[in-house]
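*Asks:* Sequence and predicted model, in that order:
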Amino acid sequence: MRALWRGSISFGLVNVPVKMYAATERKNLSFRQIHRECGTPIRYEKVCPFCNRKVKDEEIARGYEYEKGKFVVIEDKDLEAIPDETVRTIDIVDFVDLREIDPVYFDHSYYLGPEGTGQKAYLLLIEALKKTGKIAIAKVMIRSKYSLACLRPFGENYLVMETMFYPDEVRDVGEIELSPNIKLHENEIKMAVQLINSLSTQFIPEKYTDEYRKALLEIIKAKVEGQEVKIPAAKEEKVVDLMEALRASLALVEKEKEGKERTSGRRKKRATS
């Protein structure tokens, strides 16, 4: 993996030199816009509407819109005025319990690996976090943005950093309308809890796959090979009673469990015979 950033974790008077790596990658399929008539990709050009001409890359500057239609230009030298210790430091400000942070605050994940001289301090921080059951809240500069972040142990001997949204970046959920007149019946709650318990299992990431991406790749392959793409019939949407839907769901779960148990029993029988 290629390091995206080099710096250090700072807590108290301790500095831990680290390298930052992207922890995730998108597996989305990308499409290009083409001219349907001839199949040629559409070309996009950078044009200034005021000067009415194409603009070269060296003519383009970084601008911040401080009022509607009014911009101030920010040069690279302006960014260089920010102290280097701020730019290259993951500054730990607090230690908190992970369960106190709602996942809505999390943005991007990065692995943090130790530089050669920081191996011991790196492992010490991980061990201290494990012993206390805490995670670290920090501030860090990434791609010209000063982000809030949390650091936590990952696996046996690694650190992962999650950049976070600031409180004023999380929208107010109170703006979503919710009727105050909805009443839940005890039997509905009981059956919903029973359904959740029936479907509860251990989280194994490997068992989840992107079925939409798989189906889309099959369609692309068929079209490349000149095959006809079959469109499945749309499912008929039925409005059902909530209790009826819960009962049917529980019955389906029980049926699936019985099928798995029968299959497992047959496998054991073959293995012993």
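*Replies:* Received, thanks. This structure is a prediction, so every number in the text was calculated from the model and none was measured. Numbers count the residues shown, from 1 in each chain.

*Asks:* would you list every one of the strands in the protein?
*Replies:* Along the chain, the stretches classed as strands by DSSP state E are 5-11, 14-22, 47-48, 53-54, 62-67, 70-74, 89-96, 106-114, 135-142, 145-154, 158-164.

*Asks:* who wins for proximity to T201 among these?
*Replies:* Distance to T201, taken as CB to CB, is lowest for strand 145-154 among these, at 22.3 Å. For glycine as for every other residue, the C-beta is placed from the backbone atoms N, C-alpha and C.

*Asks:* Quickly run through the sheet partners of that closest one, with directions.
*Replies:* strand 135-142 (antiparallel), strand 158-164 (antiparallel) (DSSP bridges).

*Asks:* now that strand against strand 89-96, angle please.
*Replies:* For strand 145-154 against strand 89-96, the angle by axes from the mean of the first three to the mean of the last three CA atoms, to 10 degrees is 60 degrees.

*Asks:* any residues touching strand 145-154, and which ones?
*Replies:* 9, 86, 90, 92, 98, 101, 105-107, 111-112, 126, 129-130, 135-141, 159-166 (CB atoms under 8 Å, 6 or more residues apart in numbering).

*Asks:* Please apply the same query to stretch 62-82.
*Replies:* So stretch 62-82 is contacted by 61, 141, 144 (CB under 8 Å, 6+ apart).

*Asks:* Looking at those, which one is closest to R266?
*Replies:* Nearest to R266 among the contacts of stretch 62-82, with distances taken as CB to CB, is M141, at 59.4 Å.

*Asks:* Which strand residues bridge the closest one?
*Replies:* Bridge pairing for M141 - DSSP bridges - gives Y146.

*Asks:* So M243 is in contact with M191, correct?
*Replies:* Yes: at 7.1 Å, M243 counts as touching M191 under the criterion of CB atoms under 8 Å.
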